[in-house]
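> My questions concern the predicted model and sequence given below.
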Amino acid sequence: MSSVPGYNPLGVGGNLVSYPSTNLVSYPSTYQGVKGYSSASPAVPQGNVTFRAQPGASDKKRNKGSGRNLPKTLRVFTCADKHPIQALKELRADAQFEVMCTYQTNTGAAIVVNTTIDKVVYQGEGVSGQIARTIAAHKALMGMNAADHSMLKQVVDYEEQKKLVMERISIWQEMQAKKEEKRLEHEKLESEAVQKKADRKLNAEENKTTKENEPKQANKKKKKNNGTSSAVEGAMFLDYGHLIQKYGPDVSETTTQLEEKTDAGWFQFNCVLTVQGFSFESTCTSKKGARNKAVDLAHAEFTVHPPPVVNEKKRKLPNNKRSAEGEEPIEPVEFQDKLAEKCWKFVSEQTEAIIPALKTRRNLVVVVKVEGKDELESCEIVSFGSGTLLIKKENMTCDGTVINDSTGESLALRAFRRYLLDQVEMCLTGKTSIYTKDRTGGKCSLKKAVKFYLYTNSCPMGDCRAVNTQSLTEQTMETDTEQSTEPTSEVNPEPMETGDSSAKPLKTKNWVPRKKCELENLGKITFFLANSEFGSSETTALYSEEKSHCVVSPSDKLAVRQVSGVQGSILFSVSNPVYISHYFINRSFNETAISRALNFRVKGAKIPSGKDAPVQPQFMKVAWKATRIAEKRTKWGLIWAKNHEVEILYTPQGKQFHKDKQEETALQGDLTQYLAPSEYCTKALFTAYVNVCKKTKKAYPQKYSVAKSANTRYRQVKTSVLSHLKDSGFGDWSVNPCKPDY
C-alpha cells in the first residue's frame, strides 16, 4: 500500500488542526484501470508556507495625471467566509485541478484530484469531482498558510467523505479480486478443454492405427438354415439385397414346396432364382435357405461371368466429410450440368482471396451470356450474386446508398444491370458490344445471336416453391381469352440444342416439399418475414403487418421482370427490354410450380404494344452438384459484374464490407466503421447512367425519382402486370416506405 496525504477538518472551536506526517490515508498500491495515476507525484508538504499579498494597482494607474509618485496601495487577501476553490483561484489564478484516478463501483465513485502549487502537490479525494477539488483546494490553502485559512467555509463534511472514499475503495478492491478470480477460473477451464480435445484426438489416432493393423473381418454374419449364425472370414457376405442392387431390377424368384421329405422327416422347398434371364435352382428345408443357396450360386457365377447389366453403387459420403478437400462431384454430362460446373469454378476463382466465413454461397445465382450455339465455348459469365437475407427495416434510407434486397437473384440481376450499362456505353461510343444501335428510336437493341441464361443452385424462394398435390390444370389460373388455348397443364419445355448431339427429351424429377401449400394460396405474392437480428428470415409467407418485411419474394420479382425486362427503369431510356430465356435450377426443382410462378400467372397481363415481346422462358433441372458447403444462415453476401470488383455485402445494413478487414477479429462487434456504400447500389448505378448520357450527349432526367416514375413503356408494362396480379386475386405489390429523394 502506498501513502497518500490525508485530510482532517477544523477542530472544535475553529482552531487549526495540523497535518502531521503520520496522519495518512491508505490507498491501493496500484490504480489498475484508472486513468492518470502517477506514482512519481511528490508528497504534500508538512509545515507552513509564507504568503505575501499582491499589489492592487499598476504603476501607470497610480501616476496617471498627477506627475507625482504616489505610494503603492496593497489589497489584503483573506480566506474568511470563502469557498476553498474560490479562495484558491483568487490567490493563485493559475491553479489547475487534475483527476488522477476514479474508482467506479456499484454504490458510486471515489475520485482523487491533484493540484500543484509551486511544484508542491496537494491531493483531495471525495465521492464527486467537485468535492475532491474542494478538499484539494482546502489542503493547498492550509499548506500555503494563506491568510485566515481557518475561517474558510466548511462546505463538506470531510470526515464523512474520508469514510465514504475508503469504503468505496474497499468495494473496488473486492470487485477487482473477483474479476481476477473469474479470469483465472476461465483460463483454467480453457486449458482443461484444450487438453481434453488433444487427448481425444490422440485416442482417435491410436484407435485408427489399431484398426488399420487388425485383420479385416466380415461386416455381417451368415445365417445357417437352422437359424444359427456363423461369421464369414475374409470377405463381405453377399446377400439377396446385394444381388438386387448390383444386377437388378430384372430379378425374380419362385419357391415351391416339394412332396418328398428328408430322411429325418423335414419338408423340402425348391427355389428358382432368375436374374436377367439366367436361372439358378436350389433346394433346402426352409424357403429362406433355398433362396440363399440360389443367391450364392448367382453371385459365384456372376463373379466369373458378369451379366449384361451391372449396376455400380454410388459411394456415399458422411455429412461431415462432404466438404472435404479432394472430394470431386459427379462428372457432368448434359449441357446444363457442364454450365453449372463452369459457374461454380468461375465463382471460386473470383472469390479465392475472400475468407470462407464471408463466402458460404448458400444461394448462388449466375447470369450467363450465350452468343450462338449452346456450347460451353459460347458461354461467358457476366454477373453473379449470393445471399438469402434482406436489410433491416430501420436501416432503409431514401438516398439510394443501401441495398435493400440481398438475395442471390436480386444481387445477380443488380450486377447484370451494371454490366448492361457498360455494354450500352460501348455501343454508343462505337466499340464492340452485345448491342446494336437502333437508328430510329435512338436506343440500343441486343444482337439476335445473344441470349442470357440464369443458373441458380437453389430454386427461388416464394411461389416457385409453393407445391400442392393437385395438378396445374386444377389450380385457378385465369388468363385472357386470347391465351385460353395455351396449355395449362404441366409444361414440358423444349430440349436445349447442343452442337454435337440431337435433342433429347428432358426428364425431370419434381421436388415436393414436406409442407404442402394450400391450394387457395398458390400463385399469391409472398413477403419475407422480418427478423430483428438478420433483417429477415429465409422464409416467405402471405403479408402480415406485424411479421412481414416490405420486400416481396424473388419469385414475384422474377415473374414481373420476365414481362417488363431485367434492364430496369433507369436503362430503359437507352436499352430495349432484355429477358432471361433459360433458367437452370439445382435444388428444390418442381417444374409445375416454377412454370406457374414465373410464366402462367403473369401471362394474362394486358401489355402495351411494342417492338420487343416477352420471351417464353424455359426451365431445366440441373443434376450436377458442387461439393457441399456448410449450410448456415449468414449475414454476408457477394456481388460481381464483369470488369468490376467482387464486393462483400453486410446484408443487415446493405453496404459493402472493406476487403482489407477480413480478419476474424474485425467481424465481431460494431462493423459500421468498416462499411461503405456499394458500387452496385441504386445511386451509384444512376450516377454511372448520367455519366454515360453526358458522354454520349443524350438527354437524361435530373433525378432518379423522375426516371423511376416516368410514364415510359417499362412503367406501363410493370403497372399492367401488377394490376393483373391484383385482379387475379394474387395480392398487392409491396410499397417501399422509403421513397427515393435523389
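Great, that's in hand.
> rounded to a whole number, what's the mean pLDDT of the helix or strand harbouring Lys342?
Element membership for Lys342, per DSSP states H and E: helix 335-350. Mean pLDDT, computed over helix 335-350, is 90.
> could you dump it to PDB, C-alpha only?
The C-alpha trace of helix 335-350 is given here as PDB (Å, rounded to 0.1, in the frame of the first residue of the first chain):
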ATOM      1  CA  PHE A 335     -25.100 -29.000 -71.200                       C
ATOM      2  CA  GLN A 336     -26.800 -27.500 -68.200                       C
ATOM      3  CA  ASP A 337     -24.700 -29.600 -65.800                       C
ATOM      4  CA  LYS A 338     -21.500 -28.600 -67.600                       C
ATOM      5  CA  LEU A 339     -22.600 -24.900 -67.400                       C
ATOM      6  CA  ALA A 340     -23.300 -25.300 -63.700                       C
ATOM      7  CA  GLU A 341     -19.800 -26.700 -63.100                       C
ATOM      8  CA  LYS A 342     -18.300 -23.800 -65.100                       C
ATOM      9  CA  CYS A 343     -20.200 -21.300 -63.000                       C
ATOM     10  CA  TRP A 344     -19.000 -22.800 -59.700                       C
ATOM     11  CA  LYS A 345     -15.400 -22.900 -60.800                       C
ATOM     12  CA  PHE A 346     -15.600 -19.300 -62.000                       C
ATOM     13  CA  VAL A 347     -17.100 -18.000 -58.800                       C
ATOM     14  CA  SER A 348     -14.500 -20.000 -56.800                       C
ATOM     15  CA  GLU A 349     -11.700 -18.300 -58.700                       C
ATOM     16  CA  GLN A 350     -13.100 -14.800 -58.300                       C
END
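> so what does that helix touch, helix or strand wise?
Packing partners of helix 335-350 (3 or more CB pairs under 8 Å, 6 or more residues apart in numbering; DSSP states H and E): strand 364-371, strand 379-386, strand 450-458, strand 582-587. Using the backbone N, CA and C atoms, a C-beta is placed for each residue, glycine as well.
> got the angle for it vs strand 364-371?
Going by axes from the mean of the first three to the mean of the last three CA atoms, to 10 degrees, helix 335-350 is angled at 110 degrees with respect to strand 364-371.
> just the helices in this structure please.
Ranges of helices in the chain, per DSSP state H, are 59-63, 84-91, 129-143, 158-213, 240-247, 287-304, 335-350, 408-428, 554-564, 568-571, 591-598, 682-695, 704-709, 713-727.
> right, and the ones you listed - which one's nearest Val402?
Nearest to Val402, of all those, is helix 682-695, at 8.8 Å by CB to CB.
> That closest one packs against which elements?
Counting by 3+ CB pairs under 8 Å, 6+ apart, helix 682-695 packs on helix 408-428, helix 568-571, helix 704-709.
> contact partners of the last one?
It stands for helix 704-709. Identification of contacts with helix 704-709 by CB atoms under 8 Å, 6 or more residues apart in numbering yields 400, 569-570, 573, 682-683, 686, 700-701, 715, 739-742.
> again with the shortest one
Here helix 568-571 makes contact (CB under 8 Å, 6+ apart) with 417, 420-421, 424, 685-686, 689, 704, 707-708, 710, 712, 714-715.
> Ser406 - how many residues pack around it?
By other CB atoms under 10 Å, 31 other residues sit near Ser406.
> so it bridges to which residues?
Ser406 has the following beta-bridge partners by DSSP bridges: Leu389.
> Spit out the contact partners of it.
Ser406 neighbours (CB under 8 Å, 6+ apart): 387-391, 637, 649, 651, 654.
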